[in-house]
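Chemist: Next one to model:
(2 chains)
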There are 2 protein chains.
Amino acid sequence: MENFVFHAPTEIYFGKGQIENLSKILGNYGKNVLLTYGGGSIKKNGLYDKVYEVLKDFNIVELAGVEPNPRIGTVRKGIELCRENNIDVILAVGGGSTIDCSKVVAAGYYYEGDAWDLVKDSSKITKALPLVTVLTLAATGSEMNKGAVISNPETNEKLGTTAKAMAPRASILDPEYTYTLPTIQTAAGTADIMSHVLENYFKVTETAFLQDKISEGILKTCIKYCPIALKEPSNYEARANLMWASSLALNGLCGSGKAGSWTCHPIEHELSAFYDITHGVGLAIVTPRWMRYILSEKTVDKFVDYAVNVWDLEMEEDKFALANKAIDKTERFFAECGIPMNLGKLGIDDSLLEKMSHAVVVHRDLQSAYVPLTEEDVLNILKMCL
Amino acid sequence: MENFVFHAPTEIYFGKGQIENLSKILGNYGKNVLLTYGGGSIKKNGLYDKVYEVLKDFNIVELAGVEPNPRIGTVRKGIELCRENNIDVILAVGGGSTIDCSKVVAAGYYYEGDAWDLVKDSSKITKALPLVTVLTLAATGSEMNKGAVISNPETNEKLGTTAKAMAPRASILDPEYTYTLPTIQTAAGTADIMSHVLENYFKVTETAFLQDKISEGILKTCIKYCPIALKEPSNYEARANLMWASSLALNGLCGSGKAGSWTCHPIEHELSAFYDITHGVGLAIVTPRWMRYILSEKTVDKFVDYAVNVWDLEMEEDKFALANKAIDKTERFFAECGIPMNLGKLGIDDSLLEKMSHAVVVHRDLQSAYVPLTEEDVLNILKMCL
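Modeler: Numbering: from 1, shown residues only, chains lettered A, B, ... in the order given. Predicted structure coming up:
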């Protein structure tokens, strides 16, 4: 096991009706609140009204319309609103995009230069406004970690940034808020959770047994409950297990003590940066192809673990056959959840594959990945996704 | 899944050489340090000297000789030392006993009445001195939670108390510090970890699938690595996995979202209160007997999960036979780790069993346990342990 620092200080209020604690939580920081949210689904499902009801004693300013793959322009707008209105605390109500955007707004409030600097260089983040979140989508894990991913459409860049100061102080996780999600969002969110786990499960460090057992448990949870949530959107048990899985998949539990960089996320980030596709859909498409590409004598034993411990496949003599069955299962699972499993289905052809492959290796070091990849490797994987 | 609040804010510095960060960590709080430790094993293994070396710029006052099953008298002594020396931060170097004692010292510093009040009624704890720990034994999980257990030999009471303010600010977990443990401590510590998980695994709530998967992963980690650590005390991989298992077993991951009280801990606390035995040894003796006692048509399915998912036993038609095999495995595992598996071997006869059984139901509500138990039930279980 590698050395690590683990710190997940966010206080989680999990379950039905936890929104009733919101006024008490925000009251710790002040009365002036920046409320951030996305496209307005919270107006349809009543959450928006509920927030105003429990915060009737607060002064609320809104940053509405945070986009999926949140943009640096929206971050800049949020920072201005905070400064103009002496904001004490930011309340993000939404999924990972709204939360990520709010994190960089919170940090940008204390930074004199342009906010994009904070995305390019996280060491510039030293302080942030307190952030509280109300989660409406089980996916990114942003509700319980210190990372954020922001897109810059001018430069076709989608980059991650990380700082302790950006971790939410508290997050309200009420699984009922996910009942009204479009099915594709439930499926794509689950693919995102699974990818966070898989990126850490397949790493060079082989001695973090406990972390891998936790990873297998989170994957089994997604495999069990995503199909149930798709069939019965108001199944509380399914929604609750998926929601808590989202937070635990990326709060450090799976990755601490394991060395090396991720692979599918860097590849998908370029797909999203160039085509603005749903992050979880991109991950579902890339992941099984990447698995097939890196399967080798060196990696096959880990895939055997994956087959037996995650997919409950029976051990068999031909390790490669077993590994391929697990990869087939992965691909079929995403397809059966309703995710379009080819780039072509998203209207993406081969015209920008080389440009994206180049951008991957410019933005991220894939030499320390589980299986080191060159630009040509990335191109080959992207071609498999067409 | 039941509603819950999860908060594990302790920053964990895990791995070889993390002690080098100690001065930076303590420096956040001040220069006057109360160093607490137990019987002096840290003097033998060099850790004591190392602490003084890295803290050469600090003023250190010592509370030495914290006993296993730490006593309220020692807590009172610690509080006095803090007040006399204007202590800014407490540094606990040791296992759960030293850390638990230090937690109540930290809280008692701000409390005007007698410290035993804080053990009897945790609502009296509102504030505490900052606490930092250096862990030397994988067992109680106290390094990453807000609980403490203190004994009062005058009243034969051993009681737990819990408060947010008592959670360590940071904990250094260097697995190498456990290389020199006596084998019985490694074994008893593992039994303690496993008991923390089992108390939560066997609960009335059946819909916390994710928590149960994490629990199974921690149990498998203990089962795999404790025998290795006993055979090869300096096996880093084994020590690292056990140490991280200790923290994750009782930081809320396994129990959040599951309703009801524990059973084996309340019973064992009376054994320790009356006979001052090693906590983990008592738990190893009680746990399999309790399992046999509560096995019924109502509980057998959970024991089947336990058999298949934790002990890798093959599913079979006779569920009770399978459940009993898992219980046999549990008992044999502790025995093979070198734990004396009968109270008689610890010099405990039947003379105080009734008194202890009565004390259990006075101190703890066992009506909300996985299987509700009366005083007579507890007596029956204790008789099985003789």
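Chemist: Need the phi and psi values for A:Phe4.
Modeler: The phi and psi values for A:Phe4, taken as degrees, to the nearest 10, are phi -160, psi 160.
Chemist: What's opposite it in the beta bridge?
Modeler: On the basis of DSSP bridges, A:Phe4 is bridged to B:Phe14.
Chemist: and it, what does it touch?
Modeler: By C-beta atoms under 8 Å, 6 or more residues apart in numbering or on different chains, the contact list for A:Phe4 reads A:252, A:256-257, B:12, B:14-15. Just so you know, the C-beta spots here come from the backbone N, C-alpha and C atoms, and that holds for glycine as well.
Chemist: and A:Val33, which of the three is it?
Modeler: strand (DSSP: H, G, I helix; E, B strand; the rest coil).
Chemist: Number of residues surrounding it?
Modeler: By other C-beta atoms under 10 Å in any protein chain shown, the residues close to A:Val33 number 23.
Chemist: From chain B, how far out is it?
Modeler: According to C-beta to the nearest C-beta, to the nearest Å, A:Val33 and chain B sit 21 Å apart.
Chemist: correct me, but that residue touches A:Leu63?
Modeler: No - here A:Val33 does not reach A:Leu63: they are 10.9 Å apart, not a contact under C-beta atoms under 8 Å.
Chemist: State the mean pLDDT of stretch A:63-70.
Modeler: For stretch A:63-70, mean pLDDT rounds to 94.
Chemist: Check which residues of stretch A:203-220 are buried.
Modeler: Across stretch A:203-220, burial judged by 16 or more other C-beta atoms under 10 Å in any protein chain shown covers A:203, A:205, A:207-220.
Chemist: For it, which outside residues touch it?
Modeler: Stretch A:203-220 is contacted by residues A:1-2, A:193-194, A:197-198, A:200-201, A:245, A:248-249, A:253-260, A:305, A:309-310, A:368, A:370, B:210, B:213-214, B:216-218, B:220-221, B:224-225, B:237, B:240-241, B:244-245, B:248 when judged by C-beta under 8 Å, 6+ apart.
Chemist: If we use 7 Å, what do you get?
Modeler: Outside stretch A:203-220, the residues that touch it by C-beta atoms under 7 Å, 6 or more residues apart in numbering or on different chains are A:1-2, A:194, A:197, A:200-201, A:245, A:248-249, A:253-254, A:256-260, A:309-310, A:370, B:210, B:213-214, B:216-218, B:220-221, B:224, B:237, B:241, B:244-245.
Chemist: Give the buried subset of these as a ChimeraX selection command.
Modeler: The ChimeraX command for the buried members of these (criterion: 16+ other C-beta under 10 Å) is given here:
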select /A:1,2,194,197,200,201,245,248,249,253,254,256,257,258,260,309,310,370 /B:210,213,214,216,217,218,220,221,224,237,241,244,245
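Chemist: Next, please give the residue ranges for the helices of the stretch 51-200 of chain A.
Modeler: Along the stretch 51-200 of chain A, the stretches classed as helices by DSSP state H, counting those that start in this stretch are A:72-84, A:96-108, A:116-120, A:183-201.
Chemist: Just name the most buried of these.
Modeler: Among the helices of the stretch 51-200 of chain A, helix A:96-108 has the highest mean neighbour count (mean count of other C-beta atoms under 10 Å in any protein chain shown), at a mean of 30.
Chemist: Show me how far it is from its chain's centre.
Modeler: How far helix A:96-108 lies from its chain's middle: 13 Å, per C-alpha atoms, centre = their mean, to the nearest Å.
Chemist: Up against chain B, what does the stretch 201-350 of chain A have?
Modeler: For the stretch 201-350 of chain A, the residues in contact with chain B (C-beta under 7 Å from any C-beta of the partner chain) are A:207, A:209-210, A:213-214, A:216-218, A:220-221, A:224, A:237, A:240-241, A:244-245, A:257.
Chemist: I'd like to know which of these are part of helices.
Modeler: Using DSSP state H, the subset of those located in helices is A:209-210, A:213-214, A:216-218, A:220-221, A:224, A:237, A:240-241, A:244-245.
Chemist: Quick check: of these, which lies closest to B:Lys231?
Modeler: B:Lys231 lies nearest to A:Phe209 out of these, by C-beta to C-beta, at 16.6 Å.
Chemist: that older thread, out of the contacts of A:Phe4, which comes closest to A:Asp301?
Modeler: Nearest to A:Asp301 among those, counting by C-beta to C-beta, is A:Gly257 at 19.3 Å.
Chemist: helix, strand or coil for A:Ile267?
Modeler: helix.
Chemist: my guess is it contacts A:Val360, does it?
Modeler: Yes - the criterion here is C-beta atoms under 7 Å, and A:Ile267 meets it with A:Val360 at 5.6 Å.
Chemist: any residues in contact with both of these two?
Modeler: A:Val378.
Chemist: More neighbours: these two, which one.
Modeler: Counted by other C-beta under 10 Å, A:Ile267 and A:Val360 do not tie: A:Ile267 has more neighbours, with 28 against 23.
Chemist: what residues are up against the more buried one?
Modeler: A:Ile267 makes contact with A:286, A:360, A:378, A:381 under the criterion C-beta under 7 Å, 6+ apart.
Chemist: which stretches of the stretch 1-150 of chain A aren't confidently modelled?
Modeler: Along the stretch 1-150 of chain A, no part satisfies pLDDT under 70.
Chemist: which parts of it sit against chain B?
Modeler: Taking C-beta under 7 Å from any C-beta, the part of the stretch 1-150 of chain A that reaches chain B is made up of A:1-9, A:11-16, A:18.
Chemist: Now a ChimeraX select for only the buried ones of the residues you listed.
Modeler: This is how ChimeraX selects the buried members of the residues of the stretch 1-150 of chain A next to chain B, with burial counted by 16+ other C-beta under 10 Å:
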select /A:1,2,3,4,6,7,8,9,11,12,13,14,15,18
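Chemist: Let me know the closest of the residues of the stretch 1-150 of chain A next to chain B to A:Asp301.
Modeler: Checking the residues of the stretch 1-150 of chain A next to chain B against A:Asp301 by C-beta to C-beta gives A:Met1 as the nearest, at 18.3 Å.
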